[in-house]
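Asks: This is a predicted model, with the sequence first.
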Amino acid sequence: AAGVIQSPRHLIKEKRETATLKCYPIPRHDTVYWYQQGPGQDPQFLISFYEKMQSDKGSIPDRFSAQQFSDYHSELNMSSLELGDSALYFCASSRPRGYEQFFGPGTRLTVL
Amino acid sequence: QQQVKQSPQSLIVQKGGISIINCAYENTAFDYFPWYQQFPGKGPALLIAIRPDVSEKKEGRFTISFNKSAKQFSLHIMDSQPGDSATYFCAAISGTYKYIFGTGTRLKVLA
C-alpha cells in the first residue's frame, strides 16, 4: 500500500539558510499535517491543510510557512534557520474528515 | 501545559510479560484516542485507536482500556516481545483533527 512520501530524508543547512521540505500524501487523502519532533520528545503539531486551505495552526514559528498544492502535496518552507530548528519533521495525511493520521518517514533537519 | 499526560516515561518488561502504559487527559472535547508506535529514526505508526463510547478495544496482542469518567486510557501489550521495544505515544484529537500527543513511553522488552 502506498504510504506518505517525504523528501528529502536528510538535510543539512547552515544557520540563517532556508530549507524546503516536501510531503506527498497517500492517494485520495486530502488533509496534510506537519509535526516537529525534537530528540526524545513527542511530535509537536505545526500546521495542517485541508483541501489546499490552512485548517489549523500550532506552534509554528513565523519564519516557517507552508502550503498545499492542487495535487495535495505540501511544502514546508523554513527561513532564517536556527540551531534549535534541528529536529525530525513529519508529515501525516488523512482521508476526508478522517481521524486516522498516517505518518511519513520524516525529514531529519540538521542546522549547523 | 501538556494536555495529555503519559506514564511511565520508560518501562522494562520481560519477554512474555504484559506492558501497560497509561494516559490521562483533561479536555472532554477529545473524541478519538490513538496509540502510536515509533522506532528510532522512523515515523510514528498507528497501532490501535478507540472512541469514548467504547470501554475496551482489542487487536491482536494490543488492547486499549478506556475510562471516560476518569478521563484515562491505557495500552496493554500482552505477551510482550523484544520486537515491541520502541517508544509508544498516546494521543487525543478533537474537532480540528490535530493530534495532541503524550510525552511518550520508551519500552524495552528483555529477551
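Replies: Ah, there it is.

Asks: Can you report how many residues lie near A:His10?
Replies: Using other Cβ atoms under 10 Å in any protein chain shown, A:His10 is surrounded by 9 other residues. Yep, even glycine has a C-beta here, placed from its N, CA and C like the rest.

Asks: And it, how far from chain B?
Replies: According to Cβ to the nearest Cβ, to the nearest Å, A:His10 and chain B sit 10 Å apart.

Asks: now A:Gly84
Replies: 19 Å.

Asks: and that residue, what does it touch?
Replies: A:Gly84 makes contacts with A:Val111, as judged by Cβ atoms under 8 Å, 6 or more residues apart in numbering or on different chains.

Asks: Check the secondary structure at it for me.
Replies: Following DSSP: H, G, I helix; E, B strand; the rest coil, the label given to A:Gly84 is helix.

Asks: In contact with the nearest residue to A:Glu17 once chain neighbours are set aside: list those residues for me.
Replies: Spatial nearest neighbour of A:Glu17, excluding adjacent residues (Cβ to Cβ, 6 or more residues apart in numbering or on different chains): A:Leu81 at 5.3 Å. Going by Cβ under 8 Å, 6+ apart, A:Leu81 touches A:Lys13, A:Glu14, A:Lys15, A:Arg16, A:Glu17, A:Thr18, A:Ala19, A:Arg63, A:Val111.

Asks: Please apply the same query to A:Glu14.
Replies: Neighbour list for A:Glu14: A:Leu81, A:Val111, A:Leu112 [criterion: Cβ under 8 Å, 6+ apart].

Asks: one step back: show only the entries of the contacts of A:Leu81 found in strands.
Replies: A:Lys13, A:Ala19, A:Val111 (DSSP state E).

Asks: wait, which of those is closest to A:Ile5?
Replies: Nearest to A:Ile5 out of the ones in strands among the contacts of A:Leu81 is A:Ala19 (Cβ to Cβ; 17.4 Å).

Asks: Tell me if I'm right that the closest one and A:Leu11 touch.
Replies: Yes. Counting by Cβ atoms under 8 Å, A:Leu11 is a contact partner of A:Ala19 at 5.8 Å.

Asks: coming back round to it: as a markdown table, the contacts of A:Leu81 with pLDDT would be great.
Replies: Output for those, formatted as a markdown table (pLDDT from 0 to 100):
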| residue | pLDDT |
| --- | --- |
| A:Lys13 | 98 |
| A:Glu14 | 97 |
| A:Lys15 | 97 |
| A:Arg16 | 97 |
| A:Glu17 | 98 |
| A:Thr18 | 98 |
| A:Ala19 | 98 |
| A:Arg63 | 96 |
| A:Val111 | 97 |
